[in-house]
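*Asks:* how would this look folded up:
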Amino acid sequence: MKMMIAMTLSMLSGLAVAHAAEIDGQWARGDGNAKVRIAPCGSDICAVNTWIKPGTPKEKEGDKLVMSIKPGDDGVYSGTAFDPQRDLTYKLTVTVKGDKMTTRGCVVAGLLCKGVDWTRIN
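*Replies:* Below is the predicted model of the structure:
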């Protein structure tokens, strides 16, 4: 019985790791103006601009967003994100469903929010 419980816990922990990893990868922003790579960076997750459409204001390749987010249910991650280029911290929710992702960041006590859609690049 103990062995069966240990095997079950091992399988469940593997599922949690797989669930948490689904945010990692290359993503294209819905407006076609940016591509990012999302991957672990220390204890956080970072989104780094890998391509910016020429003429896109206020963004450049290499810009980074440091996300302190944790996975929840149904592909929803929540926490905060720090944008060192603008010295801003956002309340952040990221929803991942297969090859689609939506990010929603809020500042000023949640009064100013913006949502962005993304598609995974294979």
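*Asks:* pLDDT weak spots in the chain?
*Replies:* 1-21, 110 (pLDDT under 70).
*Asks:* could you redo the last one with a cut-off of 80?
*Replies:* Residues of the chain that meet the criterion pLDDT under 80 lie in 1-21, 108-111.
*Asks:* so where do the helices sit in it?
*Replies:* Under the criterion DSSP state H, helices of the chain are mapped to 2-21.
*Asks:* And the strands in it?
*Replies:* Assigned by DSSP state E, the chain shows strands spanning 25-29, 34-41, 44-52, 64-71, 76-83, 88-97, 100-107, 112-121.
*Asks:* out of the ones you listed, which comes closest to K58?
*Replies:* strand 44-52 (9.8 Å; Cβ to Cβ). Using the backbone N, CA and C atoms, a C-beta is placed for each residue, glycine as well.
*Asks:* starting at the chain centroid, how far to that closest one?
*Replies:* Its chain's average C-alpha position is 9 Å from that of strand 44-52, according to Cα atoms, centre = their mean, to the nearest Å.
*Asks:* Return the set of buried residues in it.
*Replies:* Buried residues in strand 44-52, counted by 16 or more other Cβ atoms under 10 Å: I45, C46, A47, V48, N49, I52.
*Asks:* what helices or strands is that strand leaning on?
*Replies:* In this structure, strand 44-52 makes packing contacts with strand 34-41, strand 64-71, judged by 3 or more Cβ pairs under 8 Å, 6 or more residues apart in numbering; DSSP states H and E.
*Asks:* any idea of the angle it forms with strand 88-97?
*Replies:* 90 degrees (axes from the mean of the first three to the mean of the last three Cα atoms, to 10 degrees).
*Asks:* Contacts for strand 44-52 next, please.
*Replies:* Strand 44-52 is contacted by residues 23-24, 26-27, 33-40, 59-69 when judged by Cβ atoms under 8 Å, 6 or more residues apart in numbering.
*Asks:* Then stretch 59-71?
*Replies:* By Cβ under 8 Å, 6+ apart, stretch 59-71 touches 16, 19-20, 23, 33-34, 41, 43-52, 77-85, 92, 94.
*Asks:* one more time with 6 Å
*Replies:* 19-20, 44-49, 52, 77, 79-83, 85 (Cβ atoms under 6 Å, 6 or more residues apart in numbering).
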